[in-house]
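In: Below are the sequence and a predicted model for it; my questions follow.
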Amino acid sequence: MRTKQTLSLATAALLLLVTFLLTSCSDLKTNLPPATSNSLQVHDDNWDNNPTSSGFHGAYLKSTGWQTNECKTCHGATYTGGTSGKSCFRCHASYPHASGFSTGTTHGMYLYSLNYPLAACQMCHGANYSGGAITNVTCTRSGCHADATGALRSPESCNTCHGDFTAPASNFLAAAPPKSVTGETASTVRGVGAHQKHLVTNTVGVAVKCQECHTVPSQVSSPGHLGALPAEVVFNDKLAPLATGGGTFVPKPSYDPSTLKCNNTYCHGNWRLRKATSSSTSQFAYTDSAIVGLNFSPTWTKGSADASCGSCHGIPPTGHIAVPISTCGSCHFGIVSTDGKIIDKTKHINGKVNVFDQEYSF
């Protein structure tokens, strides 16, 4: 009797042990706490330090069609350590890429969040992003960095990060938002605002250049280009400060990033025409010692509400004899029509005075 009882207990203990072992080994565990020791070596010396070797991990993954499920066994489901305690992201910050990384704005926003570490992209995709020796996967291909005509272009083109992504890289104005760096398209957003009205669809004056308000970088890595938003506004060209090389009145324009207002710019009425220095044929138009603009301070995101005719100077301007708008073209012919519409926008808001078919400095 005692022998049978002993055998029964042994059998029960054995069954309990087998059940425990089967349960603990039945599923692959992911993202387990790091191992207490990292002394286990499962890769050879070329695995992570010799990109030219066939034993390099990049070459291995390439040969498998970039299948990374095997990596999860030791490095965890998100490649951040797992049982190995070794994160894949200690070496390269973005790969293995998350699902959908190359579609939509996912990788664009990823680069933005890390201040555009393009050198990391070049490590795998090559110096010109055309493939490289490691991945042989080009960024310049249909569906990725190519314009609407199918022409391939560099990821470093200006309109990659802001502006019309599908426009040819040669279309410099296509770099003007929308879209903004962070993907917005509404003109009520500061990153978009009145960019298009100034550079592309300006119907009332000479087309504004990017450098009127920004320091345009010679290349993507130029100092001051990449950095925290919002972009810096600097009036360092000729139009806003009216640096025309012959005038005596020089505005001192400024931009207030808290109110989004441009102040003291020639473009919006900060100008003065002195009667004493005007042409003899124009003296009759003065009712004071000078004709002046309204020095209006438009808000960048208010659109046409802050750019209506008469907002930058009165109709007629202050110090000018009273005349109906229909007669403006009598003196400023070729520029303004009888109904007050702009005929030749290259001679309106261009930094010069155009009257009686002559052009003068302020």
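Out: Received the coordinates, thanks.
In: Every contact and neighbour count from this point should use C-alpha atoms.
Out: OK.
In: Show me the shaky parts of the stretch 201-350 of the chain.
Out: Scanning the stretch 201-350 of the chain for pLDDT under 70 picks out the ranges 244-246.
In: Spell out, range by range, the helices that occur in it.
Out: With helices called from DSSP state H, counting those that start in this stretch, the stretch 201-350 of the chain shows them at 328-331.
In: how about the strands in it?
Out: Using DSSP state E, counting those that start in this stretch, the strands found in the stretch 201-350 of the chain span residues 254-256, 261-263, 272-274, 290-292.
In: Out of these, which gets nearest to residue 358?
Out: Nearest to residue 358 among the strands of the stretch 201-350 of the chain is strand 272-274; the distance by Cα to Cα comes to 14.9 Å.
In: Who are the packing partners of the closest one?
Out: strand 290-292 (3 or more Cα pairs under 8 Å, 6 or more residues apart in numbering; DSSP states H and E).
In: Check which helices and strands the strand it packs on sits against.
Out: Checking 3+ Cα pairs under 8 Å, 6+ apart, strand 290-292 ends up next to strand 272-274.
In: Contacts for the strand it packs on next, please.
Out: With Cα atoms under 8 Å, 6 or more residues apart in numbering as the test, strand 272-274 has contacts from 249, 289, 290, 291, 292, 293, 362.
In: Sheet-wise, list the partners of it with their directions.
Out: strand 290-292 (antiparallel) (DSSP bridges).
In: Show residues contacting the partner strand.
Out: Under Cα under 8 Å, 6+ apart, the answer for strand 290-292 is 269, 270, 271, 272, 273, 274, 275, 313, 317, 318, 319, 320.
In: try 10 Å this time
Out: Strand 290-292 has contacts (Cα atoms under 10 Å, 6 or more residues apart in numbering) with 269-278, 285, 312-314, 316-321.
In: Now, of those, which are buried?
Out: 269-275, 278, 312-313, 316-320 (16 or more other Cα atoms under 10 Å).
In: Can you pull the domain assignment for the chain?
Out: Listed by automatic domain parsing, the domain ranges of the chain are 28-90, 254-360.
In: roughly how far apart are residue 249 and residue 117?
Out: 45 Å (Cα to Cα, to the nearest Å).
In: just residue 310 next, same as before
Out: Counting by Cα to Cα - residue 310 and residue 117 are separated by 47 Å.
In: again with residue 217
Out: Between residue 217 and residue 117 the computed distance is 17 Å (Cα to Cα).
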